[in-house]
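Engineer: what's the 3D shape of this:
(one chain, ligands or ions: 1)
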Amino acid sequence: MPKLNENYLNLKESYLFSEIAHRTADYVKNNPEKGAQIIRLGIGDVTRPLGKVVLDALHEGVDAMSASDTFKGYGPEQGYEATRNAISAYYKKNGVDVDTDAIFISDGAKSDTGNITDLFGSGNVILIPDPVYPVYVDSNIMRGNTITYISGNADNHFLPMPDKNQHADIIYICSPNNPTGACYNKEQLKEWVDYALANEAIILFDSAYEAFISDPELPRSIFAIEGAKKCAIEFCSLSKTAGFTGTRCGYTVVPKELTFTASTGAVMSLNSMWNRRQCTKFNGTSYIVQKGAEVVFSEEGIKECQENIQYYKNNAKVIADTLTRLGIRFFGGINSPYIWFECPDGMDSWACFDFLLTKIQVVGTPGAGFGENGKNFFRLTSFGNYEKTVEAMERFEKLFG
Ligand SMILES: *Cc1c(COP(=O)(O)O)cnc(C)c1O
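Structural biologist: Numbers count the residues shown, from 1 in each chain. From the prediction side, this is the model:
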């Protein structure tokens, strides 16, 4: 009999999306007329189609596969040079220097944020914010790691700051944040970088929503902060940036400057380790997808993707403006597709879910699904249709106004 990884027994069952689906289906079954009016603002997935620039490049990739002189077999595990160069140039455009050989193309940020645990041993002090994107938590539980939660709450605007009395080895940060929509400024990220350097810790920075930042003062990359190349890995994704949730492409930046001394005295480079990890367990992202990804970072591609992002941000503004008028406290909604509001009248987040479903047929995501600190909060997303979002907010006005 195989000895199994019994750490899997310690994973909490994720009820969140199945419970939402179950409660919604029950309601529709028992109230078919009202059920037909349901508006879904819980969706964490994009809905706008890919643009022409990207589609043309994807088609070009497909056509290359049709002739023996342009056909592509296995590509480099790290990604094609042209795609990596395009990403490096994109960083440069945003004022950040990232070398091409620090960039690794993947099939998305979920894989990389989960797989990165391969590089770390046991016994680390691992800081993970609560509330949080569940991947960081579960991927550490699968390895039997102990997690130290740091509290995101209304008092710190869901932007926990380092506690100088607490040692850390590994720190997870997601900014702009899923689920709260909160975004760190430069001074705050500098504090985290200084803390990481002082602790010889590493920051695992999830920047999946960087393209939603429109305030030029807010950092879109941890590498906009001095010293970060010595203490941080950054995860990015084309999922929310370019509507690639179904097309699949992400990239991870592991600077060459990122080294630590092993117990043997050997100096270990995280860039070399990740390269070795990827070459061993990953055979590269599809050539066709990388052709599409490359043009996402061209001038035309950025413009095209920004049109969709503006569409979502306009939805976010409709939601944020409504909640402001109603005096409901919320976070996010400006440099993020997410709006994280405090459940009115002290409701807990599942009671709020039932209340919104039965009173106004609006479905969102209960904050409890993202951690203990989410239990009185509720996530709405701007990834839906504009007219439906407006309609949902009119119902909010009637219910809470
Ligand atoms: C959507 C999302 C990602 C992107 O994951 P992909 O695997 O690239 O689709 C990464 N991090 C967070 C926090 C997200 O919400």
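
Engineer: Pretty sure residue 398 sits in a helix.
Structural biologist: Yes - residue state for residue 398 (DSSP: H, G, I helix; E, B strand; the rest coil) corresponds to a helix.

Engineer: Grab the nearest non-local neighbour of it.
Structural biologist: The shortest distance from residue 398 to any residue that is not its chain neighbour, by CB to CB, 6 or more residues apart in numbering, is 7.4 Å, and that residue is residue 360. From N, CA and C alone the C-beta is placed, and that goes for glycine too.

Engineer: Can you tell me how far that neighbour is from residue 218?
Structural biologist: Taking CB to CB, to the nearest Å as the measure, residue 360 falls 33 Å from residue 218.

Engineer: So which residues on this protein come close to the ligand?
Structural biologist: Residues of the chain lying near the ligand by CB under 6 Å from any ligand atom: 108-110, 133, 174, 178, 206, 208, 237, 239-240, 245, 250.

Engineer: quick one: the nearest residue to residue 343 once chain neighbours are set aside and residue 326, what's the gap?
Structural biologist: The shortest distance from residue 343 to any residue that is not its chain neighbour, by CB to CB, 6+ apart, is 4.0 Å, and that residue is residue 352. Taking CB to CB as the measure, residue 352 falls 14 Å from residue 326.

Engineer: State the pLDDT value of residue 401.
Structural biologist: With respect to pLDDT, residue 401 has a value of 88.

Engineer: measure it to residue 111 for me?
Structural biologist: Residue 401 sits at a distance of 44 Å from residue 111 (criterion: CB to CB).

Engineer: Compare those two and say which one has the larger neighbour count.
Structural biologist: residue 111 (17 against 10; other CB atoms under 10 Å).

Engineer: Identify the residue spatially nearest to the residue of the chain found nearest the ligand, adjacent ones excluded.
Structural biologist: In the chain, the residue that lies nearest the ligand is residue 108 (2.7 Å; CB to the nearest ligand atom). What sits nearest to residue 108 in space, not counting adjacent residues and going by CB to CB, 6+ apart, is residue 250, at 4.2 Å.

Engineer: Spit out the contact partners of the residue of the chain closest to the ligand.
Structural biologist: By CB atoms under 8 Å, 6 or more residues apart in numbering, residue 108 lies in contact with 237, 239, 244, 248, 249, 250.

Engineer: right, and the fifth one touches residue 107 too?
Structural biologist: If I follow you right, that is residue 249. Yes - using CB atoms under 8 Å, residue 249 makes contact with residue 107 at a distance of 6.7 Å.

Engineer: Which residues outside stretch 252-265 are in contact with it?
Structural biologist: Outside stretch 252-265, the residues that touch it by CB under 8 Å, 6+ apart are 98-99, 101-104, 106, 109, 112, 116, 200, 202, 223, 229-236, 267-271, 274.

Engineer: Put the buried members of those residues into a ChimeraX selection.
Structural biologist: Listed next is the ChimeraX selection for buried residues among the contacts of stretch 252-265, using 16 or more other CB atoms under 10 Å:
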select :98,102,103,104,106,109,112,116,202,223,229,230,231,232,233,234,235,236,269,270,271,274
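
Engineer: What sits closest to residue 189 if chain neighbours are left out?
Structural biologist: Nearest residue to residue 189, sequence neighbours excluded (CB to CB, 6+ apart): residue 225, at 4.9 Å.

Engineer: now that neighbour: how far from residue 205?
Structural biologist: When distances are taken as CB to CB, residue 225 and residue 205 turn out to be 10 Å apart.

Engineer: List the buried residues of stretch 317-337.
Structural biologist: The neighbour-count check on stretch 317-337 (16+ other CB under 10 Å) flags 318-320, 322-323, 326, 328, 330-337 as buried.

Engineer: same thing with stretch 287-305?
Structural biologist: 287-298, 301-302, 304-305.

Engineer: now swap in stretch 259-267 and tell me
Structural biologist: Of the residues in stretch 259-267, residue 260 count as buried by neighbour count, 16+ other CB under 10 Å.

Engineer: gap between that stretch and the chain center?
Structural biologist: 31 Å (CA atoms, centre = their mean, to the nearest Å).

Engineer: what's the answer for stretch 375-393, then?
Structural biologist: With CA atoms, centre = their mean as the basis, the mean position of stretch 375-393 lies at 18 Å from the chain mean.

Engineer: per-residue confidence averaged over it?
Structural biologist: If you average the pLDDT over stretch 375-393, you get 97.

Engineer: got the CA positions of it in CSV?
Structural biologist: What follows is stretch 375-393 as a C-alpha-only set of coordinates in CSV (Å, rounded to 0.1, in the frame of the first residue of the first chain):
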residue,chain,number,x,y,z
LYS,A,375,-17.1,36.6,7.7
ASN,A,376,-18.9,40.0,7.7
PHE,A,377,-17.9,41.1,4.2
PHE,A,378,-19.2,40.3,0.7
ARG,A,379,-17.4,40.4,-2.7
LEU,A,380,-19.0,41.8,-5.8
THR,A,381,-17.2,41.7,-9.1
SER,A,382,-17.2,43.9,-12.1
PHE,A,383,-16.7,41.1,-14.6
GLY,A,384,-20.3,41.0,-15.7
ASN,A,385,-22.4,42.7,-18.2
TYR,A,386,-22.9,46.5,-17.9
GLU,A,387,-26.7,46.6,-18.2
LYS,A,388,-27.0,43.8,-15.7
THR,A,389,-24.7,45.5,-13.3
VAL,A,390,-26.7,48.7,-13.5
GLU,A,391,-29.9,46.7,-12.9
ALA,A,392,-28.4,45.0,-9.9
MET,A,393,-27.5,48.3,-8.4
